[in-house]
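**Q** Coordinates for the following, if possible.
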Amino acid sequence: MRNIDTLAINTIRVVSAEAIEKSKSGHPGLPLGTAAMAYTLWSKHLKHNPGNSKWIDRDRFVLSAGHGSMLIYSLLHIFGYKVSMDDIKEFRQYGSKTPGHPEFGHTHGVETTTGPLGQGICNAVGMAISEAYMAKKYNRPNYKVVDHYTYAIAGDGCLMEGISSEASSLAGTLGLGKLILLYDSNNISIEGDTDIAFRENVGLRYEAYGFQVINVDDGNDIVKINAAIEAAKAEISKPSLIIVKTIIGFGCPLKQGKASAHGEPLGAENFKALKENLDWNYEPFTVPNEVQIEIEGFKKEAENKEVAWNNLFEEYSKEYPELAEEWELWFSGKISKDLLLDKDFWSFDKSLATRDASGILINRLAKLVPNLIGGSADLAPSNKTYMNGKGDFSAEDRSGSNLHFGVREHAMAAIANGIYLHGGLKVFVSTFFVFSDYMKGAMRLSALMKLPITYVLTHDSIGVGEDGPTHEPIEQLAALRSIPNMIVFRPADSKETAAGWYLAVTKNDAPISLVLTRQALPLYDNTGIEALKGAYILKNSEKETPDLILMASGSEVELIFKAADELKKKGIDARVVSMPSFELFDAQSNEYKESILPGKVRARLAVEAATSFGWHKYTGLDGTIISIDHFGASGKAEVLFEKFGFTVEKVVIEAEKIIK
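**A** Below is the predicted model:
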């Protein structure tokens, strides 16, 4: 090992430990143990340009073990990204660019938000899927404009989490040869030696998944690490797992190899011992001049690589102008057609289940939005998510737009985040609504990262019927509505479903959950674009001030629509409000909200075949909610709706009670 390599690696170690000591909070064990592995990757293999963190053909790097965030912050600072030493000194402090776990969009050079273990591996799989798809779409002879790798550093915890198993199994099935996972195998978790809970042969497991597995017996031997990465890059038909045996907390004599090195500062005495052990004699928070000079050479080389790629793309644009124009559109995140003006997109002529309407809309969009990609957790025939004529993405065919995730809801959502984060594609995923519970961790991260992932969630209520309470979502609407920046959209008919899909492909800063029915719903005259306001008047009262406001989402809009007619016969003048999205309605102006739900009308009734949680802010103290605050049952849908009080008669009775 060259002296400069040793010095650079120790710089990563000491700067990381210093920041953790200053904040009196953090995880020093991983940066100390993986510094050699990370430096070898970043300095000798990773294709990136600190001067342009958004260069499209850069390699992607994911720190799946996000608790070791000081590793990536040290790397970003040393390699010249916009992470200053002052930022390093503010590690884990309010408002700093160096939060406790890496956050996409917050810190320059961070590719994804990683915190929950295993999510980063899934994101990396998604990025590798995007790379393979885009390479097939855009590369031409002599023009490999898409040619990059996806790397992830993961720890024992990442590989214990089941979500990583799902994603790795799919990656092996798809033969994602440009995906390389580096496993920080130090045999330590928070509670102690991993033998207490994790004795499996990870290498054999990954071989069974279809990975090339490479072992490095010394995490400080950069020659062996370098050779392992070279071997991984040479295998183009399989993803690779490089198992690197490391020592957690390496360099700190009294901490290394112990669980105590994982998640607490070293302490003043141990930090002093670390510096002595590494022969470190620099002022606090210092990057030695020799390291800076070495990195300047790397940065110049990195800039030259991007310049060469830019020149290649310029020639590509001359030879393939239509492809280059499409490339710009795909990576802009925009769509080429104004769907608000497209009558064909909004047009339906019969009653349909909203899942069926969604299926029709997906196929309409597939013609208008060619970079739409997505699929289901083995439920496409039920979710109605298959794009006809668009082919299936597989190890044999990278051009297909239909993704088959298998029964892997956990990983599917996290992979979708990675697909979008790569850039260039609009992505949707789908399953039964009740199984959104399996995806919630990744859905939460979609919202946190402001990623416009579309979640198509069908079989939305007790209307599932015979499958019984295990498959009948009750509390899931409330659960998703509780996620900040998640837009939940439950349409009442096909035209409202079109509004949901319009939102899904045009909004760029939030995920959308489309919650859809199994059973057919009526087609109303006045639905459509107004649904984009979240709530609107579907049938107004004859009086300027209605006697009663009826509100509902999805299939229950039919009940209040019919009940209004029955109440009219009884002399009660009701306003009917369809409310497909709380979030969209809450974002409207106070004037608009008052026009729909005037404060002086306190007689209000909400109807939704789910838990009542969340509706009270609209019904108020004097209002009533017809809901189901218990689990469902197995039986025909129409029987369940009647048994649990979702009938026109029930709405009328409750409305009369409110009026009286």
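
**Q** Identify each buried residue in the helix or strand harbouring Ala36, please.
**A** Assigned by DSSP states H and E, Ala36 belongs to helix 29-44. For helix 29-44, the buried set under the neighbour-count rule, 16 or more other C-beta atoms under 10 Å, comprises 29-43. All C-beta spots, glycine's among them, are computed from the backbone N, C-alpha and C.

**Q** Please compute how far that helix lies from its chain's middle.
**A** Relative to the centre of its chain, helix 29-44 is centred 26 Å away, using C-alpha atoms, centre = their mean, to the nearest Å.

**Q** Tell me which other helices or strands it touches.
**A** Other helices and strands packing on helix 29-44, by 3 or more C-beta pairs under 8 Å, 6 or more residues apart in numbering; DSSP states H and E, are helix 3-23, helix 69-78, strand 150-155, strand 179-185, helix 222-234.

**Q** still on that earlier bit, if we only consider the buried residues of helix 29-44, which is nearest to Glu642?
**A** When those are compared for distance to Glu642 (C-beta to C-beta), Leu30 wins out at 57.4 Å.

**Q** what residues are up against that closest one?
**A** 65, 67-68, 71, 155, 184, 248, 262 (C-beta atoms under 8 Å, 6 or more residues apart in numbering).

**Q** Who are the packing partners of the lengthiest helix in the chain?
**A** Looking across the chain with DSSP state H, the single longest helix is helix 289-319. In terms of contacts (3+ C-beta pairs under 8 Å, 6+ apart), helix 289-319 is packed against helix 3-23, helix 321-332.

**Q** Rounded mean pLDDT for that helix, please.
**A** Across helix 289-319, the average pLDDT comes to 97.

**Q** With stretch 635-644 instead?
**A** 96.

**Q** From Thr458, how far off is Thr34?
**A** Separation of Thr34 from Thr458 (C-beta to C-beta, to the nearest Å): 42 Å.

**Q** which residues of the stretch 301-450 of the chain fall in strands?
**A** 352-353, 372-376, 402-404, 426-432 (DSSP state E, counting those that start in this stretch).

**Q** Contacts for the last one, please.
**A** Residues external to strand 426-432 that are found in contact with it (C-beta under 8 Å, 6+ apart): 333, 362, 369, 371-377, 379-380, 382-383, 385, 403, 405, 409, 412-413, 415-416, 419-420, 438-439, 452-459, 464, 471, 473, 504-505.

**Q** Output the helices and strands packed on helix 29-44 in TSV, with distance to Ile88, mean neighbour count and mean pLDDT appended to each entry.
**A** Formatted as TSV, the helices and strands packed on helix 29-44 follow (distance: least, C-beta to C-beta, whole Å; neighbours: other C-beta atoms under 10 Å; pLDDT from 0 to 100):
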stretch	distance to Ile88	mean neighbour count	mean pLDDT
helix 3-23	5	22	98
helix 69-78	6	27	98
strand 150-155	19	28	98
strand 179-185	21	28	98
helix 222-234	24	18	98
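
**Q** Figure out which of the ones you listed is closest to Leu448.
**A** helix 69-78 (15.2 Å).

**Q** CA atoms only for the closest one - export them in CSV, please.
**A** Taking C-alpha atoms only, helix 69-78 is exported to CSV below (Å, rounded to 0.1, in the frame of the first residue of the first chain):
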residue,chain,number,x,y,z
SER,A,69,-23.1,8.2,7.7
MET,A,70,-19.9,9.9,8.7
LEU,A,71,-18.2,7.6,6.2
ILE,A,72,-20.0,9.1,3.3
TYR,A,73,-19.7,12.7,4.7
SER,A,74,-16.0,12.3,5.0
LEU,A,75,-15.7,10.9,1.5
LEU,A,76,-17.8,13.7,0.1
HIS,A,77,-15.7,16.3,1.8
ILE,A,78,-12.4,14.8,0.9
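
**Q** so how far is Lys272 from the nearest residue to Asp342 once chain neighbours are set aside?
**A** Leaving out its chain neighbours, the residue that sits closest to Asp342 by C-beta to C-beta, 6 or more residues apart in numbering is Leu368, at 7.5 Å. Here the distance between Leu368 and Lys272 works out to 64 Å (C-beta to C-beta).

**Q** Looking at the two, which is more packed in?
**A** A count of neighbours by other C-beta atoms under 10 Å puts Leu368 above the other of Leu368 and Lys272, at 15 against 12.

**Q** Tell me which residues touch that one, please.
**A** Contacts of Leu368 by C-beta under 8 Å, 6+ apart are 335-337, 339, 342, 345.

**Q** ok, now Phe298?
**A** 43, 79.

**Q** now it: how far from Leu46?
**A** The value you get for Phe298 to Leu46, if C-beta to C-beta is used, is 10 Å.

**Q** Next, count neighbours for Lys568.
**A** Residues within reach of Lys568, counting by other C-beta under 10 Å, total 14.

**Q** Leaving out the residues flanking it, which one is nearest to it?
**A** Ala574 (7.4 Å).

**Q** Can you dump the C-alpha atoms of the helix holding Ala36 in CSV for me?
**A** The C-alpha trace of helix 29-44 is given here as CSV (Å, rounded to 0.1, in the frame of the first residue of the first chain):
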residue,chain,number,x,y,z
GLY,A,29,-17.5,1.6,14.1
LEU,A,30,-18.4,1.4,10.5
PRO,A,31,-16.3,4.4,9.2
LEU,A,32,-13.3,3.1,11.0
GLY,A,33,-13.7,-0.4,9.8
THR,A,34,-14.7,0.3,6.1
ALA,A,35,-12.5,3.3,5.4
ALA,A,36,-10.1,1.2,3.3
MET,A,37,-12.9,-0.5,1.3
ALA,A,38,-14.6,2.8,0.7
TYR,A,39,-11.5,4.7,-0.3
THR,A,40,-10.4,2.0,-2.7
LEU,A,41,-13.8,2.1,-4.4
TRP,A,42,-14.1,5.9,-4.6
SER,A,43,-10.5,6.6,-5.7
LYS,A,44,-9.9,3.7,-8.1
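
**Q** same for the very next helix or strand once past that helix, what does it pack against?
**A** Next helix or strand after helix 29-44 toward the C-terminus (DSSP H and E): strand 60-63. Counting contacts by 3+ C-beta pairs under 8 Å, 6+ apart, strand 60-63 packs against helix 69-78, helix 119-138, strand 150-155.

**Q** residues making contact with strand 60-63?
**A** 41-42, 46, 48, 69, 71-72, 102, 111-112, 114, 120-121, 123-124, 127, 131, 148-153, 422.

**Q** Secondary structure element holding the closest residue to Met160 other than its chain neighbours?
**A** Spatial nearest neighbour of Met160, excluding adjacent residues (C-beta to C-beta, 6+ apart): Phe198 at 5.6 Å. Assessed by DSSP H and E, Phe198 sits outside every helix and strand.

**Q** now for the strands of the stretch 301-450 of the chain, which one comes closest to Ala208?
**A** Taking the strands of the stretch 301-450 of the chain one by one with C-beta to C-beta, strand 402-404 is closest: 19.6 Å.

**Q** got the contact list for that closest one?
**A** Taking C-beta under 8 Å, 6+ apart as the rule, strand 402-404 contacts 129, 373-376, 378, 380, 386-387, 390-394, 429.

**Q** change it to 10 Å
**A** Residues outside strand 402-404 that contact it (C-beta atoms under 10 Å, 6 or more residues apart in numbering) are 126, 129, 133, 170, 173-174, 366, 373-378, 380, 385-394, 412, 415-416, 419, 427-430.

**Q** How about stretch 283-293?
**A** By C-beta under 10 Å, 6+ apart, stretch 283-293 touches 3-5, 7-12, 14-15, 18-19, 21-22, 74, 77-78, 80, 85-86, 88-89, 275, 280-282, 294-295.

**Q** Just the buried subset of the contacts of strand 426-432, please.
**A** So, by 16+ other C-beta under 10 Å, the buried ones in the contacts of strand 426-432 are 333, 362, 369, 371-377, 379-380, 383, 385, 403, 405, 409, 412-413, 415-416, 419-420, 438-439, 452-459, 464, 471, 473, 504-505.
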